[in-house]
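Peer 1: Quick one: sequence and predicted model below, then my questions.
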Amino acid sequence: MKAKFLIPLLLFVVLVGFLAVGLNLDPHEVPSPLINKSAPAFEVPQLRQANKTFSPASMKGQVWVLNVWASWCVACREEHPVLVEIAKSGLVPLIGLDYKDKREDALTMLEKQGNPYLLSAFDANGRVGIDYGVYGVPETYVIDRAGVIRLKHIGPITPEILKQKIYPLVSELQKS
Amino acid sequence: MIPEFGHYALTLALCVALIQGVLPLVGAHYGRRELLVLARPAAQTVFLLLAIAFGILAWSFYANDFSVLYVAEHSNSQLPVVYRFGAVWGGHEGSLLLWIFLLSTWTILVSQLSKALDEFMVARVIGVLGLITSGLLLFVLTTSNPFERLLPAAQDGRSLNPLLQDPGLVFHPPMLYMGYVGFSVAFAFAIASLLSGRLDAAWARWSRPWTTAAWVFLTLGIALGSWWAYYELGWGGWWFWDPVENASFIPWLVGTALLHSLAVTEKRGGFKSWTVLLAITAFSLSLLGTFLVRSGVLTSVHAFATDPRRGIFILIFLSLVVGSSLVLYAWRAPKNTLGGKFSLSSRETFILLGNVFLVVSAGSVLLGTLYPLLIDALHLGKISVGPPYFNSVFVPIMIPLLVLMGIGPWTSWKNTDLLTVIKRLWLAGLIAVFAGIAIPFIMGQFTWLAGLGFLLAFWLIASGCLQVIRQMKIGKPTRSFIGMQVAHLGIAIFVIGVTMVGAYQEEKDVRMFTGETVTVGGYQIQLMGIEVVPGPNYQAIRGTFSLTKNGNSQAFLHPEKRSYFSSTMPMTEAAINTSLTRDIYVSLGEELGDKAWAVRVYYKPFVDWIWGGCLFMALGGVLAMSDKRYRLKLKRVAA
């Protein structure tokens, strides 16, 4: 008789369990269909030198990181110090993709905050972003020697993610 | 200096709220009167302190004090004053402060309007509310302080999300929160009576008007939100089954069940355990809603910035509040005596059935809302649950509920001769069937779903009319009776609106040049021209459309596409021409080149009946609340 009055409590405990697990999951993180596929090809002007272009084909043979950023993106500023750290470490080449931005704004921001990128591709109308399935900035891709996307990270890279996910993957890919 | 006073007031409020939460409960337990009397002054002090804190935050917005981080993030010197005020609750910290301030407002109302109640009961109720206030204040002070400084101060603020720069936003959150938070009163009454072991008809009578008041606010808040989404988001829909919408709708469904269940407890002393459980559930779901919205465990159009620390805090708070009340429930509820016996054909049975349908529908909405999270937590993949699930699950549950709603009010307590009820109702059934067949044909197209919608709506209307006629013959109807009729009529109006829009709306996405005409629902809409106009903190591209029917000019429509200076996202401001039987909705899309524009036009028959129905429901609630019974009984207790 008394047991039935415990049912609501039990249901609630189960619910809380799920919510607690849910807190550690990111609902925005959608598995990218591009993982283990070739990085989509593109050729767009570079940010700093508008007369030159950049294409992922030029990176063939090395492991590299593509970081999608923009001057209007607040979270990118948060991520910036981590990117600078990557650049300083010299472990992996970092290429930027300046997404739906104004050239002068982007250059001003790099000047003020420091430029961690070897170079940035300038995707003014967001065409490249569409091919890469960019739906939030910043996004980061790790691409291997054969030009295959191995990791996609949505949102700012934190030092933990850098140490636990990106660096180990990069060094593993560089060994192979 | 001033914002520091706000922070100080909040800290002080936490201390006093702890006194309010602990001492009266201890006093009530040990029968110490000197502790009981602390409840009211403590609640008043908390209210005063929170009012000061809230006022200071509002002042910081008004004065453009961008040295306050929250202000810098949500306001801007160009923002019009009205929206600066609305921006106070435009973000996480401010909306939580509003939540707590409203909780304290409810507390003060209870403490002022309950002079006639048993002082032990009042002390317990205020104590429970004080504990909730303390928990939330602790949350605000540790993770979400709205008075945090930004040093050096920002030159200018980041401004409020343009979507939220709308009169709807100024009123929608306070209304909704009044409803959400209002269920805390019913919850506190339920806990207080579990603590005292006095779960009786008197408890139900005290809780009823408070529950109804909260329900009225929640109804209006949800309706305002839906209306805002309709005209502001530019998608033309009125309900999207978004997790945040669901988070407000689930407590509404349970609250509706609670309203009806309380009636049984008051009148017949029955369903006590069930009613208490509903009261606990309604508030728990409000807290759960807050958790879902504020923790970011689900994706939603209400994409708020999230901080995992906040999620953990709310989850712990939720577990403590709900967990302890359910433990209390499991311990104390079995001691309840059963109410009066009733037969299978009685009002009790009908209300119980209605309750079951409401709770099942709430459960299915909750399941759909949490399903992506459950699946993700079990590592079964990432999915999202959309309107098809909700429509195909929710609507079938509502159909029998609406049928029951037409019969329930005819039955009497304890036992009813169903044959007599049928004899009185056959006419209503006939009208309903007739309407269900005739109206779709008048509208030009018969579909089964439309037929069913009209059948149910007219079933309710006809049944209600017959009840009113019969009641007039017997004697003067009470406010409660009128309230019920008005609220149920509101449901019928709502159903008509939903059915009409669902079955007969017309939508056209067209490419238009100046001078071109598009026809929807028998109306001609001509694009007269497009111009650029400045706004206070944006620049707009404004289209002018003329609306004509059969050659008669009806109105001009001015949809806009706004670029706010502070944001990169352009905003669409749809233009809507409203009349009692239809809306014409025009929204301006992108420029397609060659001076052609993408234009979306809707003809939405009876769409305003959806929100009109909600207004009727709320009005019904207000009428029921104002019934003499509550006041008379209170006086008698006092005397």
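Peer 2: Perfect, I can see it now.

Peer 1: what helix or strand is the spatially most central residue of chain A on?
Peer 2: Geometric centre of chain A, nearest residue: residue A:140, 1.6 Å, by C-alpha atoms, centre = their mean. Residue A:140 is part of strand A:139-143, with elements assigned from DSSP states H and E.

Peer 1: Against which helices or strands is that strand packed?
Peer 2: strand A:64-69, strand A:149-154, helix A:167-175 (3 or more C-beta pairs under 8 Å, 6 or more residues apart in numbering or on different chains; DSSP states H and E). Any C-beta I mention is one placed from the backbone N, CA and C, and that applies to glycine too.

Peer 1: Identify the residues contacting that strand?
Peer 2: Residues from elsewhere that reach strand A:139-143, judged by C-beta atoms under 8 Å, 6 or more residues apart in numbering or on different chains: A:34, A:39, A:56, A:59, A:63-68, A:132, A:149-155, A:157, A:166, A:169-170, A:173.

Peer 1: Where does pLDDT dip in chain A?
Peer 2: Within chain A, the segments meeting pLDDT under 70 span A:1-2, A:26-31, A:135-136.

Peer 1: Would you map the strands across it?
Peer 2: A:44-45, A:53-54, A:64-69, A:94-99, A:119-123, A:139-143, A:149-154 (DSSP state E).

Peer 1: Need those in CSV (columns: distance to residue B:253).
Peer 2: Listed next are the strands of chain A as CSV, based on distance: least, C-beta to C-beta, whole Å:
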stretch, distance to residue B:253
strand A:44-45, 52
strand A:53-54, 55
strand A:64-69, 42
strand A:94-99, 43
strand A:119-123, 47
strand A:139-143, 39
strand A:149-154, 35
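
Peer 1: Quick check: which of those strands is nearest to residue B:416?
Peer 2: The closest of the strands of chain A to residue B:416 is strand A:149-154. By C-beta to C-beta, the value is 60.2 Å.

Peer 1: Identify each buried residue in stretch A:123-134, please.
Peer 2: Neighbour counts using 16 or more other C-beta atoms under 10 Å in any protein chain shown place A:123, A:124, A:128, A:129, A:132, A:134 of stretch A:123-134 among the buried residues.

Peer 1: how about the nearest residue to the third one, chain neighbours excluded?
Peer 2: Taking C-beta to C-beta, 6 or more residues apart in numbering or on different chains, and ignoring the residues beside it in sequence, residue A:128 has residue A:42 as its nearest neighbour in space, at 4.7 Å.

Peer 1: And for the fourth one?
Peer 2: Across the structure, with C-beta to C-beta, 6+ apart as the measure, the residue nearest residue A:129 apart from its sequence neighbours is residue A:99 (5.1 Å).

Peer 1: Ok, the last one next?
Peer 2: Nearest non-adjacent residue to residue A:134, counting by C-beta to C-beta, 6+ apart: residue A:68, 5.3 Å away.

Peer 1: ditto for residue B:59
Peer 2: residue B:2 is the one closest to residue B:59 (C-beta to C-beta, 6+ apart), at 6.9 Å.

Peer 1: Surely the one you found touches residue B:62?
Peer 2: No: the criterion here is C-beta atoms under 8 Å, and residue B:2 misses it with residue B:62 at 11.4 Å.

Peer 1: about what we covered before: strand partners (parallel or antiparallel) of the strand holding residue A:140?
Peer 2: Paired neighbours of strand A:139-143 in the sheet (DSSP bridges): strand A:64-69 (antiparallel), strand A:149-154 (antiparallel).

Peer 1: Dump these to a markdown table, plus mean neighbour count and distance to residue B:212.
Peer 2: As requested, those are exported to a markdown table (neighbours: other C-beta atoms under 10 Å in any protein chain shown; distance: least, C-beta to C-beta, whole Å):
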| stretch | mean neighbour count | distance to residue B:212 |
| --- | --- | --- |
| strand A:64-69 | 24 | 52 |
| strand A:149-154 | 19 | 45 |
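
Peer 1: out of those, which comes closest to residue B:630?
Peer 2: strand A:149-154 (54.2 Å).

Peer 1: Helix A:167-175 and that closest one, what's the angle between them?
Peer 2: 160 degrees (axes from the mean of the first three to the mean of the last three C-alpha atoms, to 10 degrees).

Peer 1: pull the CA atoms of strand A:149-154 into PDB?
Peer 2: The C-alpha coordinates for strand A:149-154 follow below in PDB (Å, rounded to 0.1, in the frame of the first residue of the first chain):
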ATOM      1  CA  ILE A 149      39.100  15.700 -41.800                       C
ATOM      2  CA  ARG A 150      39.800  13.800 -38.600                       C
ATOM      3  CA  LEU A 151      38.200  16.000 -36.000                       C
ATOM      4  CA  LYS A 152      35.700  18.800 -35.900                       C
ATOM      5  CA  HIS A 153      35.300  20.900 -32.800                       C
ATOM      6  CA  ILE A 154      32.400  23.400 -32.400                       C
END
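
Peer 1: separation between the closest residue to residue B:376 other than its chain neighbours and residue B:311?
Peer 2: In space, and not counting its chain neighbours, residue B:376 is closest to residue A:25: 5.1 Å by C-beta to C-beta, 6+ apart. Residue A:25 is 11 Å from residue B:311, where distance means C-beta to C-beta, to the nearest Å.

Peer 1: Also residue A:165?
Peer 2: Distance of residue A:165 to residue B:311, computed by C-beta to C-beta: 22 Å.

Peer 1: higher neighbour count, those two?
Peer 2: For residue A:165 versus residue B:311, neighbours defined as other C-beta atoms under 10 Å in any protein chain shown are more numerous around residue B:311 (22 against 16).

Peer 1: what about residue B:509, neighbour count?
Peer 2: Residue B:509 has 12 neighbouring residues, counting by other C-beta under 10 Å.

Peer 1: what do you get for residue A:119?
Peer 2: With other C-beta under 10 Å as criterion, residue A:119 counts 17.

Peer 1: Name the next helix or strand downstream of the helix or strand harbouring residue B:556, please.
Peer 2: Here residue B:556 sits within strand B:552-557, counting by DSSP H and E. Downstream of strand B:552-557, the next assigned helix or strand under DSSP H and E is strand B:560-564.

Peer 1: The following helix or strand past that following strand near chain A anywhere?
Peer 2: Counting by DSSP H and E, the element after strand B:560-564 in chain order, helix or strand, is strand B:570-573. No: judged by C-beta under 8 Å from any C-beta of the partner chain, strand B:570-573 stays clear of chain A, getting no closer than 12.9 Å.

Peer 1: relative to strand B:552-557, how tilted is the very next helix or strand once past strand B:570-573?
Peer 2: Downstream of strand B:570-573, the first helix or strand assigned by DSSP H and E is strand B:575-579. Inter-element angle recorded for strand B:575-579 and strand B:552-557: 140 degrees (by the same axes, to 10 degrees).
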